[in-house]
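Student: fold the following and give me the result.
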Amino acid sequence: MAKTVELHEIVRIEGHMNFTVVVHDGDVKARAEALEGTRLLERLLIGRRFSEIPDIASRMCGVCQAIHRVTAVQALEAAFGIELPEDLEALRKLVVIGGHIQSHILHLHLFVLPDFLGHDSVMDLAASHGDLVRLVFRVKKLANMLTEIIGGRAVHPVTPIVGGFSRLPSRQELEKVARLAREIESLSVDIVEPLLSLDMPEFSRENTYIALYNRSGLPLLRGDIASSSGIVFSPEDYDSNLRYVTESYSMARHYLFNDREYMVGALSRLNINYGALSDTAKELAKKYDL
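Tutor: The predicted model follows:
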C-alpha cells in the first residue's frame, strides 16, 4: 500500500510549489510540483526585436535575474558571431558575481536558514541572531551596489546589451566596485560558517553533477559542460546529451542526461570545479566535510 505525504504551497522559493513524497514497498519517490503555470517565455520571444529579448528573459525570475539577462545577451551574440574583448567580458562577470551573491544570500539566509533555526521568517530570526542578520543584509546591500554600478540597476540590470554595454562605468566607479568586493570577501566567511555548521539530516544518494567547466579558473560565462561521470561536451552539443521529457505534475521543463537524473547549481559547480576554488573556500570545504 502506498503512502503519500504532501506539502502544499511552499512559498520560500521564487513563486510557489508543492512537494510530494510517495512511499511504496520501500521505494521512495519525491517530486517538486511547480504551481506557476505555463510561462512560455520561449514563445514570447518569437517575432521580437533582438534588443528586447534580454529584458524579457531576465523577467523569468526576480531573484536570479542578472544571469538570465547576461546569458540571453550571450546567446544573441553567438547567433551574430560577436566576440567581446577581455575587459568587457570581465565587466559582464562582475554583473553576474553581484547577481550570484545577492540571489544566494536571499535563498540561503532568508528562505532556508530560519527553518533550520526554528523560526518562521528572517524577521523572527533577527530577535535571536541579530548580529548575523545585520551582517547578511550588509553583504546583500554590498552585492546590490556592485550590480547597480556595473549593471545600471540592482535588480534586472539593464546595461549588458548585445555587443557590450549601453553604459561603461567610470574609473571612480570601478574603484568603488573594488572596495565593495574586498568588503564582501572580508565578510563572506562570517555569513557562510553559520550555514555550514548547521545540523543537517542524515541523507545520501548517488548523484551525477553537471556544471560549466574550464581549465583556467572558476567559469561563470564560458566553458565546456562537464559531468562528475567524466563526460565533457561543448555547449553546442547540448541537445545531443540532454533529452527533454514531459512531467505531468509540472509546467517546468525537465531534462535527462544520458537518460539519467542529474544535479545542477551551486553544489555541482563546487564539485566540478573544486580545484579552482580559493584557498579559503577549500579550507571551509575540508573543515565541514563538503
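Student: for stretch 186-199, buried residues please.
Tutor: Neighbour counts over stretch 186-199 (16 or more other Cβ atoms under 10 Å) mark 188, 191-192, 194 as buried. Where C-beta positions appear, they are placed from N, C-alpha and C, glycine not excepted.
Student: next one: that stretch to chain centre, how far?
Tutor: How far stretch 186-199 lies from its chain's middle: 18 Å, per Cα atoms, centre = their mean, to the nearest Å.
Student: wait, a strand at Asp289?
Tutor: No - secondary structure assignment (DSSP: H, G, I helix; E, B strand; the rest coil) places Asp289 in coil, not in a strand.
Student: for it, give me phi and psi.
Tutor: Note on Asp289: its backbone torsions stand at phi 60, psi 50 [degrees, to the nearest 10].
Student: neighbours of it, just the number please.
Tutor: By other Cβ atoms under 10 Å, 6 other residues sit near Asp289.
Student: so how far is Val192 from it?
Tutor: According to Cβ to Cβ, to the nearest Å, Asp289 stands 15 Å off from Val192.
Student: about what we covered before: reformat the buried residues of stretch 186-199 as TSV; add secondary structure, distance to Glu175 and pLDDT.
Tutor: Formatted as TSV, the buried residues of stretch 186-199 follow (DSSP: H, G, I helix; E, B strand; the rest coil; distance: Cβ to Cβ, whole Å; pLDDT from 0 to 100):
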residue	secondary structure	distance to Glu175	pLDDT
Ser188	helix	21	95
Ile191	helix	25	95
Val192	helix	26	95
Pro194	helix	31	94
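Student: got the residues you listed as JSON lines, with distance to Ile97 columns?
Tutor: Shown next, in JSON lines, are those (distance: Cβ to Cβ, whole Å):
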{"residue": "Ser188", "distance to Ile97": "12"}
{"residue": "Ile191", "distance to Ile97": "16"}
{"residue": "Val192", "distance to Ile97": "15"}
{"residue": "Pro194", "distance to Ile97": "22"}
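Student: what's the most distant pair in the residues you listed?
Tutor: Using Cβ to Cβ, the buried residues of stretch 186-199 reach their maximum pairwise distance at Ser188 and Pro194, which is 11.9 Å.
Student: how much space between Arg92 and Leu45?
Tutor: Distance of Arg92 to Leu45, computed by Cβ to Cβ: 21 Å.
Student: let me redo that: His104
Tutor: With Cβ to Cβ as the criterion, His104 and Leu45 are 27 Å apart.
Student: now Glu185
Tutor: 37 Å.
Student: and for Leu132?
Tutor: Distance, Leu132 to Leu45, by Cβ to Cβ: 41 Å.
Student: and Asp87, by the same measure?
Tutor: For Asp87 relative to Leu45 (Cβ to Cβ), the value is 29 Å.
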